[in-house]
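Asker: sequence? don't have it. structure:
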């Protein structure tokens, strides 16, 4: 009954976020190949212009083949859209389902390794965590990767004593699926390998190794057949997206800045632009850190094989992810939070049982965490950016820009104005492609920031953008998230 209530609380919070969070470009980028697959039979990303490269990304051939991301998430979206219909809300509902699977995975994992109390605390903290609910309410692949990766480790624990071969095959199938969802899931593969060697290395035989390899081989063959359709485009797209992602091991200060400041402190209320009460989110991180350190420095806990297993898996998983992600992007934080919360729950349950920390203090700390989480989530919901900013802009474009030429703007606009031959995501506004839009939408989160950076990085691009916006366009609509420009003479 308690776990059911917790899951229901999570679903309610996630659905409220689904219907209020401002969309962003990634959601449309990854939905585009899914839509093309079910409507046109190809896996291209039609909403992105091939010349709209950014960072080290290379988008050559992007409209014919989508190679810059792993294939399983858009394939899962295609299957989901075929049944449920296409749309932003539909895409986000899929993430909510992956969130429910992730809750199950960590609940069973902690319950098997530690006990029921720790498992309930872990899943309760996850259900109200603002990073977890956010990842469960946006149409990106991070929650799918976390759910499959966590489920793989959990399935191994469920079957390892009853049927070792089945445990190996099923667990590796799930972690392989996670890896073909997002490269960061390689951390779960490493964690599962460490757990298998730690608990069962004496039982491993050659047939088990072969079984473990089967899911990866099957995935590689399927993806390889698709890659062979345009191998050069694959090398350019995936190579460009992967370049510069690894940790700069020769620069300790860069590591500290990205992995401590950017990954954790900035997200938990300490970013340079954070103001007012938003700083209180640091209390959440402090509680998680106290829980993790509580497990690490409590000898009686470390002596329990289940707790040692949890420590090992989380350490190996997260160390692998850290090495892979020098940029410490915020959407990967869900992987870290899931393990930090699990260890915090173990420490909290231990302190409660042993009364090493007075129970009223533990209750007060738990209530404080929940209140800060609720305030953070509630603030996002109360902003109602989807209704306040996104819907008015897309309604205007759907009416005033219909049949009046090309729109250039961030890809999320396509969910309402159309993905095919209507909108092109090109932050250079045609400087490289030569395309001439009749409407331009500058969003605060991407285009505004990137165009400002072009003044130093690409001066010619910057001068072109400023010239056409100042001389050929005029503002027709503006709100907190978007500014809409129309070409002179096209619309008022």
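Answerer: Now that the structure is in, tell me what you want to look at. What you are looking at is a predicted structure, and each value in this text was computed from that prediction instead of being measured.
Asker: can you show me the helices along the stretch 351-492 of the chain?
Answerer: With DSSP state H, counting those that start in this stretch as the criterion, the stretch 351-492 of the chain has helices at 359-383, 385, 391-400, 414-417, 447-457, 459-471.
Asker: mean neighbour count added to those, as JSON lines?
Answerer: To be clear about C-beta, it is placed using only N, CA and C from the backbone, and glycine gets the same treatment. Output for these, formatted as JSON lines (neighbours: other Cβ atoms under 10 Å):
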{"stretch": "helix 359-383", "mean neighbour count": "15"}
{"stretch": "helix 385", "mean neighbour count": "18"}
{"stretch": "helix 391-400", "mean neighbour count": "17"}
{"stretch": "helix 414-417", "mean neighbour count": "22"}
{"stretch": "helix 447-457", "mean neighbour count": "15"}
{"stretch": "helix 459-471", "mean neighbour count": "14"}
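Asker: how about those helices, which one is nearest residue 26?
Answerer: For the helices of the stretch 351-492 of the chain, the distance to residue 26 is smallest for helix 414-417, at 12.3 Å, taking Cβ to Cβ.
Asker: list the buried residues in the helix or strand of the chain with the lowest mean pLDDT.
Answerer: One helix or strand of the chain scores below all others by mean pLDDT, DSSP states H and E: helix 252-256, with a mean of 80. Under the neighbour-count criterion of 16 or more other Cβ atoms under 10 Å, helix 252-256 has residue 255 buried.
Asker: now stretch 192-203
Answerer: 192-196, 199-200.
Asker: picking that back up, could you export the helices of the stretch 351-492 of the chain as a markdown table, including distance to residue 252 and mean pLDDT?
Answerer: Shown next, in a markdown table, are the helices of the stretch 351-492 of the chain (distance: least, Cβ to Cβ, whole Å; pLDDT from 0 to 100):
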| stretch | distance to residue 252 | mean pLDDT |
| --- | --- | --- |
| helix 359-383 | 31 | 94 |
| helix 385 | 38 | 95 |
| helix 391-400 | 44 | 95 |
| helix 414-417 | 42 | 95 |
| helix 447-457 | 27 | 95 |
| helix 459-471 | 33 | 97 |
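Asker: which one of those lies nearest to residue 256?
Answerer: Shortest distance between residue 256 and those, using Cβ to Cβ, is found for helix 447-457: 24.1 Å.
Asker: residue closest to the middle of the protein?
Answerer: In the chain, the centroid-proximal residue (Cα atoms, centre = their mean) is residue 142; its distance is 3.3 Å.
Asker: residue 172 versus that one, what's the distance?
Answerer: 21 Å (Cβ to Cβ, to the nearest Å).
Asker: how about the nearest residue to residue 198, chain neighbours excluded?
Answerer: Spatial nearest neighbour of residue 198, chain neighbours left out: residue 312 (5.7 Å); criterion: Cβ to Cβ, 6 or more residues apart in numbering.
Asker: can you tell me the element that neighbour falls in?
Answerer: helix 305-324 (DSSP states H and E).
Asker: for that helix, buried residues please.
Answerer: Quick answer for helix 305-324 (16+ other Cβ under 10 Å): 306-314, 316-318, 320-322, 324.
Asker: nearest to residue 364 among those residues?
Answerer: Closest approach between these and residue 364, by Cβ to Cβ: residue 307, at 25.0 Å.
Asker: name the nearest residue to the closest one, ignoring sequence neighbours.
Answerer: In space, and not counting its chain neighbours, residue 307 is closest to residue 301: 4.9 Å by Cβ to Cβ, 6+ apart.
Asker: please compute how far the helix or strand hosting the one you found lies from its chain's middle.
Answerer: Element membership for residue 301, per DSSP H and E: helix 299-302. Centroid displacement of helix 299-302 relative to its chain, using Cα atoms, centre = their mean, to the nearest Å, is 33 Å.
Asker: for that helix, list every residue counted as buried.
Answerer: Buried, per 16+ other Cβ under 10 Å, within helix 299-302: residue 301.
Asker: what comes into contact with it?
Answerer: Residues outside helix 299-302 that contact it (Cβ atoms under 8 Å, 6 or more residues apart in numbering) are 294-296, 307-308, 311, 346-347, 350.
Asker: one more: stretch 9-26?
Answerer: By Cβ under 8 Å, 6+ apart, the list of residues contacting stretch 9-26 from outside reads 88-89, 92-93, 95-96, 99-100, 103, 126-128, 133-134, 136-140, 331, 377, 380-381, 383-387, 389-390, 410-412, 415, 425, 445-446, 481.
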